[in-house]
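[1] here are the coordinates; sequence isn't available:
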């Protein structure tokens, strides 16, 4: 189940809530019971191991004419 990070505007506490994606935008009370919270945008790593470098771009491709010398 996805975890969503929230910050309480009253006590400035940051906390996580596990819930289905269908409820991702539903409000969440902080652990201290305050209702004035905001959902934070979390960075998500997709694929690969944490800290692993991103795969290199293929050689010889791209550019305006498929990798040839543009005149």
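    Here it is on my side, so go on. Only a predicted model underlies this, so the values are computations on that prediction, with no experimental measurement involved. Residues are numbered from 1 along each chain as shown.

[2] rest of the way, CA atoms for contacts and neighbours
    Noted.

[3] For this protein, just list every one of the strands.
    3-8, 14-18, 37-39 (DSSP state E).

[4] and these as CSV, adding mean neighbour count and mean pLDDT?
    Below are those laid out as CSV (neighbours: other CA atoms under 10 Å; pLDDT from 0 to 100):
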stretch, mean neighbour count, mean pLDDT
strand 3-8, 18, 95
strand 14-18, 16, 95
strand 37-39, 19, 96
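
[5] Compare those strands and give me the one nearest residue 31.
    Of all those, strand 14-18 sits nearest to residue 31, with 7.7 Å by CA to CA.

[6] Low-confidence ranges, the chain, go.
    44-71 (pLDDT under 70).

[7] thinking again about what came up before, make TSV out of the strands of the chain and add distance to residue 30.
    Shown next, in TSV, are the strands of the chain (distance: least, CA to CA, whole Å):
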stretch	distance to residue 30
strand 3-8	6
strand 14-18	7
strand 37-39	7
